[in-house]
Structures are given as structure tokens and as C-alpha cells.
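Chemist: okay, predicted coordinates and the sequence, questions at the end:
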Amino acid sequence: MYRVFFVVLLLIVSQTASLAVNAEEKSNKTIMVSLHPLALLVKSAWPEVNVVALMSPNQSPHDFSLKPSDIQRISDADGIVWSGKDFEPYLSDIVQGKSHLDLSTTLDFHHHDEHFHDHHDEESATVHDPHFWLNPLAIEPILNAIADRFQLSHGAQFRNQYQQWLAKARNTLADKADVGFVSFHDAFVDWNEYFELKQLEKVTINPEQPVGTRHILEVRKILASGEAACLFVEPQFKVRLVERLTQGLEVKQVNIDPIASEFQVKNANFLQYYDQLLDRFITCFNHN
Ligand SMILES: [Zn+2]
């Protein structure tokens with residue numbers, strides 16, 4: 001009897017120990033996300049997971065190359081979320097052999113969703129835009145794909161909060177479809193489409209390339225017409241370019257930060273970042 005009890009006790013102890021090890025393994029899993037705002041999203045959905053961003057908060061994803069220390073950090077991570085070879089060619093070799101998730105294929109898959117078909121006539125319109133995190137319709141598919149690949153929970157709490165945020169934002173931006181504005185670059189295409197906002201023009205497609213004089217004159221014409229409620233100014237904007245665009249014109253400039261550069265991944269506050277964007281649009285649209 002004594003011996004049986006001892007064996008059972010031993011079993012319980014060893015089982016508990018292995019459960020504890022499993023739990024620890026799980027919480028210590030490090031997932032690297034290449035883009036900073038996407039890392040903020042992943043951390044917000046799963047605060048218990050160790051999430052690191054490859055790029056620093058103020059790094060423009062349009063202009064990035066790997067340093068030796070980045071290569072080390074990638075090899076230390078248990079898994080990596082990236083945007084595919086078209087958007088992040090410098091990662092295509094290094095992710096092989098690692099547990100990785102290519103978001104461009106995920107979103108391509110969801111592209112066959114009817115909603116996308118209604119709004120995009122071009123076959124792969126969705127995957128041509130690397131600003132996944134600014135597409136309100138992409139958030140849930142991204143979370144689904146990450147949960148599947150890295151065997152994470154559903155992230156129900158965040159998803160509920162996100163749906164509430166969406167309802168609030170739709171409500172706040174309702175009836176703004178006629179107010180035009182000019183964006184700095186093409187980051188907000190899906191955002192504008194989802195909320196039915198009227199982007200009259202963008203200053204540039206690639207923020208790393210100089211803007212041609214002819215296009216500057218075109219944008220100035222729009223700004224001079226008074227049709228644009230504001231010009232959105234991003235942190236990557238060169239001061240001289242803003243001057244050339246607005247000199248002599250009465251234009252409201254509104255700062256907007258599509259890459260969440262003031263937010264830290266560890267704070268898990270993606271929805272505060274979305275709130276900040278919403279606030280920027282309201283500031284643009286308000287008469288003052
Ligand atoms: Zn961009």
C-alpha cells in the first residue's frame with residue numbers, strides 16, 4: 001500500500017513538473033515580427049508571448065537592410081513573421097529553415113474573400129500593399145494566421161476590443177466621405193477604402209525617392225483649390241518638401257505617424273495607436 005502511494009505520488013510530481021516546464025516553454029517563446037507596428041499588434045493580441053520587432057520604432061520599412069546584430073536576433077527567435085520576398089527581399093534566405101509566416105501569402109489567401117473582390121478589380125491588389133497593419137480588414141486574418149502557425153490562443157480579449165474599436169471608428173468617421181485630403185504616401189489606401197474616406201492625392205508612392213517638380217505642382221494645385229481639408233505630414237517628410245508643397249498657400253498640416261514610431265511593443269497598446277490615427281483624421285476634418 002505504502003509503495004503504491006509512493007508511486008502515485010511520484011507520478012503526480014513528475015507530471016506536474018513536466019506541465020510546469022511546458023508552461024514555461026510556452027511563455028518564453030520568442031516571436032520576431034519584422035515590422036514594428038505589426039509587432040505592436042501581435043504583442044497586444046498575446047501579451048503573454050515574448051514579441052520582438054526586427055525594425056526599430058522609427059525605422060522606415062521602405063528603407064531597411066540587415067545588420068549582423070539583426071541576423072543574430074533572427075536566429076535567436078523561435079519564429080518570425082514577415083511580409084514575403086516582394087516586400088522584404090533581405091529576409092527571404094534567412095527565414096528558410098526557421099518557423100516563419102509570410103503574411104503576403106496569408107493575405108493573398110484572404111484576398112479571395114468576396115469583400116476584397118468587390119473593392120479591388122486588380123487580381124492581387126491586397127498583396128501589392130505592404131501596409132498590412134493599416135488595413136482594418138486584414139487584422140483578424142493576420143491574427144488567425146499567427147495563432148495557427150505558432151499555436152497561440154485565439155486572442156479573444158483583444159479581438160473583442162478591436163471589434164468595439166472598429167464600431168466606434170466607423171461611427172466617428174461616418175459622413176466624412178465628401179471631405180478630401182492629401183496624404184504623404186500610399187500607406188492609408190486600405191484604411192481609406194474601409195472607412196470610405198476621400199484621399200485626393202498622395203505626395204509620393206515611395207518615400208525614399210525624391211518627388212518630381214511636376215508632381216509637386218499637381219499637389220499644390222489641389223491644395224490651392226481648397227478642396228483638401230488638410231495635408232497629412234508624416235515623420236519621414238523632409239521639411240524642405242513640405243515648404244515646396246505649401247509655400248504661399250493656406251493649408252492645414254496634420255501630423256500622422258503610420259509606423260507607430262512613438263509606441264513601444266512591450267506596452268501592447270495597438271488600439272491606442274489606432275486611436276491616435278483616428279484622432280489625426282478627425283483633426284484634419286474638423287473646421288477650425
Ligand atoms: Zn509606407
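Modeler: Happy to help now that I have it.

Chemist: look at residue 160 and say how many residues are nearby.
Modeler: Residue 160 sits with 10 neighbouring residues when counted by other C-beta atoms under 10 Å. (Each C-beta comes from the backbone N, C-alpha and C, glycine too.)

Chemist: wait, a strand at it?
Modeler: No - in this structure, residue 160 is helix, not part of a strand, as judged by DSSP: H, G, I helix; E, B strand; the rest coil.

Chemist: burial count for residue 33?
Modeler: Per other C-beta under 10 Å, the neighbour tally for residue 33 reads 28.

Chemist: and it, how far is that from residue 265?
Modeler: The spacing between residue 33 and residue 265, counted by C-beta to C-beta, to the nearest Å, is 8 Å.

Chemist: hey, what's in contact with both of those two?
Modeler: By C-beta atoms under 8 Å, 6 or more residues apart in numbering, residue 33 and residue 265 have these common neighbours: 39, 51, 52, 53.

Chemist: any idea which element the second one lies in?
Modeler: Yep, that's residue 51 we're talking about. If you go by DSSP states H and E, residue 51 is part of strand 50-53.

Chemist: give me the below-cutoff pLDDT ranges for the stretch 151-288 of the chain.
Modeler: For the stretch 151-288 of the chain, the stretches flagged by pLDDT under 70 are 288.

Chemist: and the strands in it?
Modeler: Taking DSSP state E, counting those that start in this stretch as the test, the strands found in the stretch 151-288 of the chain are 180-183, 198-202, 228-233, 253-255.

Chemist: in its sheet, what does the longest one sit against?
Modeler: Under the criterion DSSP bridges, strand 228-233 sits next to strand 180-183 (parallel), strand 253-255 (parallel) in its sheet.

Chemist: so what's the residue count around the closest residue to residue 278 other than its chain neighbours?
Modeler: Nearest non-adjacent residue to residue 278, counting by C-beta to C-beta, 6 or more residues apart in numbering: residue 169, 5.3 Å away. By the criterion of other C-beta under 10 Å, residue 169 has 19 neighbours.

Chemist: contacting residues for residue 169?
Modeler: Counting by C-beta under 8 Å, 6+ apart, residue 169 has contacts 136, 195, 274, 278.

Chemist: who's in contact with the residue lying closest to residue 188 once chain neighbours are set aside?
Modeler: Distances taken as C-beta to C-beta, 6+ apart put residue 134 closest to residue 188, at 5.9 Å, once the chain neighbours are dropped. Contact analysis of residue 134 by C-beta under 8 Å, 6+ apart lists 37, 187, 188, 190, 191, 258, 277.

Chemist: do the same with residue 251
Modeler: If a contact means C-beta under 8 Å, 6+ apart, then residue 251 has 223, 228, 230, 231, 245 as its contacts.

Chemist: got the phi/psi numbers for it?
Modeler: Note on residue 251: its backbone torsions stand at phi -130, psi 130 [degrees, to the nearest 10].

Chemist: tell me the spacing between it and residue 91.
Modeler: From residue 251 to residue 91 the distance is 39 Å (C-beta to C-beta).
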